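Engineer: got a predicted structure here, sequence first:
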Amino acid sequence: MSEAAPDADRRAWAELFDLDLPPETEADAEPRRRGLLRRLRENLAKPRQTISPQLAGIYASTLVTAADWDELEEALIAADCGMEASLSLVEELRAEAGEGRITSGDDLARALREAIAARMAPAPPRIPLAGSPTVILIVGVNGSGKTTTIGKLAHRLAELDRRVVIGAADTFRAAAIDQLAVWAERAGAQLVRQSQGSDPGAVAFDAVSSARARGADVVLIDTAGRLQTQRNLMAELQKVVAVVGKTDPGAPHETLLVLDATTGQNGLSQARLFAEAAPLTGVVLTKLDGTARGGIAVAIRQELGLPVKLVGSGERLEDLQPFDADAFARAIFGPED
């Protein structure tokens, strides 16, 4: 079994998986929120350093002007929030200003953070462990961080005393199977694998069957890093979904798309195509620390309606975290407070 997670991390992950927890007092919650915000600001220094200077002048205004609105729109588009989300946000904030709720730059900074947080997560994202076992399908292109995400998820679930089976259904890359084997050993999880080139659907079926026989709680299924232009591989993903569904009419209970934040708006086209092949329930946004723009999370939510459930901002285990919309908005869109 893995080493125990720090209490703050443990609670955040338990909440994500919708596990029963004792009530948290405000006195305990506030330090946890401050710690999360501090970590995010450190890990998201690159997008923050790019976006903050563009917004600093606006936030410093004693009276918001027409020029400030234009600059805000340009800053949001430059941050990769997407044209649709950027225009919509500015329109919403202008309406607040018209009602007298925004007059200064301070007012605008507060309202922008609140508007982004509200759009990103009307309710806290959850991945309920409702199945017996719960089957979580992980999809995404090569290089997005998909296999590493599975390993870190297995580790976190093990810390919460959940028994995990990993299905190595990316049978096209031997390296992916070897990488999962390392993570499975670290997390104390069972790895179900076959030889390179085997039928991915058969691996997925065996993983779920094995989990049920062993009384495991969760099955994490890796899939090939399908390039969105390769329709035959997308058809194979559809087959994996169908095979898993035969083991349990409710499966897969979650299908998470792993997107590399550094791809920017290309991530939207990836998501649209994957949505045609699998019933996507959420997004894992990785490599946020490697992009100068962090607004792609806003664009994904606005244009695709998919909640961001996890964010990755580094290679360490603790750098994959449940998504906190308020902390995200504060960390990237500032200002310091």
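Structural biologist: All right, it came through fine.

Engineer: can we go C-alpha only for contacts and neighbour counts from here?
Structural biologist: Fine.

Engineer: isn't residue 281 up against residue 307?
Structural biologist: Yes - counting by C-alpha atoms under 8 Å, residue 281 does reach residue 307; the two are 7.5 Å apart.

Engineer: who has more neighbours out of those two?
Structural biologist: Comparing residue 281 with residue 307 by other C-alpha atoms under 10 Å, the one with more neighbours is residue 307, at 26 against 19.

Engineer: Three-state assignment for residue 221, please.
Structural biologist: strand (DSSP: H, G, I helix; E, B strand; the rest coil).

Engineer: what residues are bridge-paired with it?
Structural biologist: In this entry, residue 221 is beta-bridged to residue 137, residue 167, by DSSP bridges.

Engineer: so what's the residue count around it?
Structural biologist: 30.

Engineer: what about the helices in the stretch 201-337 of the chain?
Structural biologist: With DSSP state H, counting those that start in this stretch, the ranges of helices along the stretch 201-337 of the chain come out as 231-247, 266-277, 296-304, 325-333.

Engineer: can you tell me which of these is most buried?
Structural biologist: Per residue and on average, the most neighbours among the helices of the stretch 201-337 of the chain fall to helix 325-333, with a mean of 23 (mean count of other C-alpha atoms under 10 Å).

Engineer: starting at the chain centroid, how far to that helix?
Structural biologist: Averaging C-alpha positions (C-alpha atoms, centre = their mean, to the nearest Å) puts helix 325-333 14 Å from its chain's average.

Engineer: ok, stretch 308-317 next?
Structural biologist: 7 Å.

Engineer: what's the first-to-last distance across it?
Structural biologist: 18 Å (C-alpha to C-alpha, to the nearest Å).

Engineer: same thing with stretch 185-199?
Structural biologist: End-to-end distance for stretch 185-199: 24 Å, by C-alpha to C-alpha.

Engineer: which positions within it qualify as buried?
Structural biologist: When burial is assessed from 16 or more other C-alpha atoms under 10 Å, stretch 185-199 yields the following buried residues: 186-194, 199.

Engineer: ok, residues contacting stretch 265-285?
Structural biologist: Applying C-alpha atoms under 8 Å, 6 or more residues apart in numbering, the contact partners of stretch 265-285 are 80, 82, 139-140, 228, 234-235, 237-238, 241, 254-261, 296-297, 299-300, 304, 306-312.

Engineer: hang on, I meant stretch 298-310
Structural biologist: 80-82, 84-85, 116, 119-121, 125-126, 268, 271-272, 280-285, 297, 320-323.

Engineer: I figured residue 313 hits residue 294, correct?
Structural biologist: No - judged on C-alpha under 8 Å, residue 313 makes no contact with residue 294 at a distance of 10.8 Å.

Engineer: what do the two both touch?
Structural biologist: Common neighbours of residue 313 and residue 294 (C-alpha under 8 Å, 6+ apart) are residue 288.

Engineer: the two: which is more packed in?
Structural biologist: Between residue 313 and residue 294, counted using other C-alpha under 10 Å, residue 294 has the larger neighbour count: 31 against 22.

Engineer: nearest to residue 65, of the buried residues of stretch 185-199?
Structural biologist: Nearest to residue 65 among the buried residues of stretch 185-199: residue 187, at 54.4 Å, using C-alpha to C-alpha.

Engineer: pretty sure the closest one is touching residue 150, no?
Structural biologist: No - applying C-alpha under 8 Å as the test, residue 187 and residue 150 come out as separate, 10.8 Å apart.

Engineer: and residue 144, how many neighbours does it have?
Structural biologist: Look at residue 144: counted by other C-alpha under 10 Å, it has 22 neighbours.

Engineer: if anything else comes up later, I'll come back, but that's it for now.
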